[in-house]
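K.L.:
Provided below are the primary sequence and the corresponding predicted coordinates.
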Amino acid sequence: MSEDADNEDRTEDPTQRKLDQAIEKGDIARSQEIGTFFVLCGFTLALLVGAGWSASSAALSLRSFLMNAHQVPSSGEAFFNVTKQGVMTGFMALGLPFAFILCAGLAGALIQHKPLWTFEPLMPKFSRISLMAGAKRIFGKEAWVNFAKGLAKILLIGTAVGLTLWKEHDRLESFAQMSVAAMLPATLSLTIKLMASVLALFAVIAIGDFVYQRFSWYQRQRMTKQELKEEFKNSEGNPEVKAKLRQIRAQRVRKRMMAAVPKATVIITNPTHFAVALQYEQGMGAPLCLAKGVDALALKIREVAGEHRVPIVENPPLARALYATVDIDEEIPVEHYQAVAEVIGYVLRLKGRRA
């Protein structure tokens, strides 16, 4: 029940990081039927390419040994040499078929996934020796799927082999009357026909199993909402921490702006919303924005400016435009030069009159 409930909670698609971590641990989608299909292909190819040569080589060596068996000394060293020669002959006869089968098996593994080196599957896990976990493996969903798959393979392949042999039943009756030399090619031909029918059927089984294994693997990697949140925190950072950092940065910028307001030449405001503090001195290329704010921050800028007797000029369109186009410690855009120059000129003239 707990496993079913856990699976029901896994409603979210896995992230790419989750899939990569599973692969790094050796948990990949692998179909045994694909490997078996490639091994059968290698065996069939070995029959087509090397069966005649291997049989001829083995028959020649065996004939030579039987014809000269009476000349073989009975000492231990001679017996060792005869045994070694027999092993070498067997290796030469079977080496090519085994090479085809080995290469086909490797190809079946590589076509499903690139080479992966990990010791994670070899690490001891107490869950593997748990009676409950063992019972789930034996009577669980995957066990029933494997049982049904094995039964289907037996029925389908047995049917294919039976139909192929039934078509050749007249030929099978003549095998008893054939010589050994004639029986070997006939047996090879019949075996290749059997393998062709088996491979055609096994290709469908292998493709279906591969699709199922990929689907099953992807379902195993699905995540709960909590796991997805933790994944986001680990990869993108904790949203609460990021919000706190933004708040700290905003506070530092605000303190720096408030400290720069007394140096401003003029404060251009919209009385109810915006405030922009500008500084201009002789030799500067263009006025510089020292501070800007909206609503409560704009009110604070006006208060600090009033405390330090910085001129405040109300110009709502210019205040809104400057707030939207200029950042802190940047010169004002060229399109606002004329309007700002008129304001600063007015302020300077006003200061001159006061002086």
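P.N.:
Structure's in. What do you need?

K.L.:
residue ranges with poor pLDDT in the chain?
P.N.:
Across the chain, the ranges flagged by pLDDT under 70 are 1-8, 50-87, 89-93, 116-140, 172-173, 175-184, 234-239, 241, 352-355.

K.L.:
buried stuff in the helix or strand hosting Val145?
P.N.:
Using DSSP states H and E, Val145 falls within helix 141-167. In terms of neighbour count (16 or more other C-beta atoms under 10 Å), helix 141-167 has its buried residues at Lys149, Lys153, Ile157, Ala160, Thr164. Placement of C-beta: from N, CA and C, glycine included.

K.L.:
closest to Ala298 out of the residues you listed?
P.N.:
Using C-beta to C-beta, Lys149 is the member of these that sits closest to Ala298, with 72.4 Å.

K.L.:
wait, that closest one sits on Asp209?
P.N.:
Yes. When contacts are counted by C-beta atoms under 8 Å, Lys149 is listed as touching Asp209 (6.7 Å).

K.L.:
can you give me the helices in the stretch 151-300 of the chain?
P.N.:
For the stretch 151-300 of the chain, helices defined by DSSP state H, counting those that start in this stretch occupy the ranges 169-173, 180-220, 225-236, 239-260, 296-307.

K.L.:
quick one: closest of these to Asn270.
P.N.:
Distance to Asn270, taken as C-beta to C-beta, is lowest for helix 296-307 among the helices of the stretch 151-300 of the chain, at 7.8 Å.

K.L.:
the following helix or strand past the closest one packs against which elements?
P.N.:
Downstream of helix 296-307, the first helix or strand assigned by DSSP H and E is strand 312-314. Strand 312-314 makes packing contacts with strand 266-269, helix 296-307, helix 337-354 when contacts are defined by 3 or more C-beta pairs under 8 Å, 6 or more residues apart in numbering; DSSP states H and E.

K.L.:
who's in contact with strand 312-314?
P.N.:
Val266, Ile267, Ile268, Thr269, Asn270, Pro271, Arg302, Ala305, Gly306, Val343, Tyr346, Val347 (C-beta atoms under 8 Å, 6 or more residues apart in numbering).

K.L.:
biggest separation within the buried residues of helix 141-167, which pair?
P.N.:
Greatest spacing in these, by C-beta to C-beta: Lys149 and Thr164 (22.2 Å).

K.L.:
mind giving me the domain ranges of the protein?
P.N.:
2-234, 258-354 (automatic domain parsing).

K.L.:
in JSON lines, list the ones you listed along with distance to Lys244.
P.N.:
Below are these laid out as JSON lines (distance: least, C-beta to C-beta, whole Å):
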{"stretch": "domain 2-234", "distance to Lys244": "14"}
{"stretch": "domain 258-354", "distance to Lys244": "20"}
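
K.L.:
so what's the gap between stretch 243-262 and the chain middle?
P.N.:
Offset of stretch 243-262 from its chain centre (C-alpha atoms, centre = their mean, to the nearest Å): 42 Å.

K.L.:
ah, wrong one, I meant stretch 222-238
P.N.:
Chain-centre distance of stretch 222-238: 17 Å, with C-alpha atoms, centre = their mean.

K.L.:
list the buried residues in that stretch.
P.N.:
Buried-residue list, stretch 222-238, by 16+ other C-beta under 10 Å: Arg222, Met223, Glu227, Leu228, Glu231.

K.L.:
alpha carbons of that stretch, as PDB, please.
P.N.:
C-alpha atoms of stretch 222-238 as PDB (Å, rounded to 0.1, in the frame of the first residue of the first chain):
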ATOM      1  CA  ARG A 222       8.800  10.700 -11.800                       C
ATOM      2  CA  MET A 223       9.000  13.100  -8.800                       C
ATOM      3  CA  THR A 224       6.700  14.300  -6.100                       C
ATOM      4  CA  LYS A 225       5.900  18.000  -5.800                       C
ATOM      5  CA  GLN A 226       8.100  18.200  -2.700                       C
ATOM      6  CA  GLU A 227      11.000  16.600  -4.600                       C
ATOM      7  CA  LEU A 228      10.500  19.000  -7.500                       C
ATOM      8  CA  LYS A 229      10.700  22.000  -5.000                       C
ATOM      9  CA  GLU A 230      13.900  20.600  -3.400                       C
ATOM     10  CA  GLU A 231      15.300  20.100  -6.900                       C
ATOM     11  CA  PHE A 232      14.600  23.700  -7.800                       C
ATOM     12  CA  LYS A 233      16.100  24.900  -4.500                       C
ATOM     13  CA  ASN A 234      19.300  22.900  -5.100                       C
ATOM     14  CA  SER A 235      19.700  24.000  -8.800                       C
ATOM     15  CA  GLU A 236      18.300  27.500  -8.800                       C
ATOM     16  CA  GLY A 237      18.800  28.500  -5.100                       C
ATOM     17  CA  ASN A 238      16.300  28.900  -2.300                       C
END
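
K.L.:
not counting that stretch itself, show me its contacts.
P.N.:
For stretch 222-238, the surrounding residues in contact (C-beta under 8 Å, 6+ apart) are Asp9, Arg10, Thr11, Glu12, Asp13, Pro14, Thr15, Arg17, Lys18, Pro239.

K.L.:
Glu227 versus the first one, what's the distance?
P.N.:
Counting by C-beta to C-beta, to the nearest Å, the separation of Asp9 from Glu227 is 9 Å.
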